[in-house]
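**Student:** requesting a structural model of the entry that follows:
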Amino acid sequence: MNVSTSGGNATLDTDGGFDVQLDYHDDGDGVPPGLRHGLGLTIFICVAYVAVFVVGVVGNTCVVVVVWRLPRMRSTTNLFVANLAVADLLVNLLCLPFTLVANVLEGESTMLLITSTHCNFLR
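**Tutor:** Here you go, the predicted structure:
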């Protein structure tokens with residue numbers, strides 16, 4: 001995948017055989033091209049998402065491991081909680097990164113990144 005910029009255009013040449021042209025213009029509002037918010041807020045959003053991701057993955061993994069490894073923890077209630085932890089792990093791993101991209105980037109660059117990532121993931 002190659003990215004080249006010139007003037008007000010960006011070209012993304014993917015290995016899949018298609019090129020995408022993106023137009024960007026600085027309109028003087030202090031927001032870098034392609035970002036939905038200013039740089040400071042974008043960094044804050046990324047740090048918050050990473051914190052939620054790490055806490056969610058570590059916490060839910062601990063719940064699943066404890067219920068799986070300790071037979072006395074396999075009550076009906078704890079199995080239900082472990083099932084919820086697995087569901088939350090899947091949300092953290094499959095939805096949270098793409099939601100971050102959609103909340104930080106704007107326009108065609110967001111759809112391009114999400115689509116190409118999903119296509120590569122599903123191959």
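**Student:** distance check, residue 98 against residue 87.
**Tutor:** According to C-beta to C-beta, to the nearest Å, residue 98 and residue 87 sit 17 Å apart. C-beta here means a position set from N, CA and C on the backbone, and glycine is covered the same way.
**Student:** which one of those two is surrounded by more residues?
**Tutor:** A direct count of neighbours by other C-beta atoms under 10 Å for residue 98 and residue 87 places residue 98 higher, at 14 against 11.
**Student:** the more buried one belongs to a helix, doesn't it?
**Tutor:** Yes - assessed by DSSP: H, G, I helix; E, B strand; the rest coil, residue 98 belongs to a helix.
**Student:** pLDDT at it, what is it?
**Tutor:** pLDDT, residue 98: 86.
**Student:** what strand or helix carries residue 49?
**Tutor:** Assessed by DSSP states H and E, residue 49 sits inside helix 39-69.
**Student:** sorry, that was for residue 88
**Tutor:** Going by DSSP H and E, residue 88 is in helix 76-94.
**Student:** who's in contact with stretch 68-78?
**Tutor:** With contacts defined as C-beta atoms under 8 Å, 6 or more residues apart in numbering, stretch 68-78 is touched by 66-67, 82.
**Student:** kindly recompute the last result at 7 Å.
**Tutor:** Residues from elsewhere that reach stretch 68-78 (C-beta atoms under 7 Å, 6 or more residues apart in numbering): 66-67.
**Student:** looking at it now, give me its mean pLDDT.
**Tutor:** 95.
**Student:** name the residues of it that are buried.
**Tutor:** Under the neighbour-count criterion of 16 or more other C-beta atoms under 10 Å, stretch 68-78 has nothing buried.
**Student:** same thing with stretch 85-102?
**Tutor:** Here stretch 85-102 shows 85, 88-89, 92, 96, 100-101 as buried, counting by 16+ other C-beta under 10 Å.
**Student:** flag the least confident of the residues you listed.
**Tutor:** Among the buried residues of stretch 85-102, residue 101 has the lowest pLDDT, at 86.
**Student:** straight-line length of stretch 83-103, end to end?
**Tutor:** Taking C-alpha to C-alpha, to the nearest Å, stretch 83-103 runs 29 Å from one end to the other.
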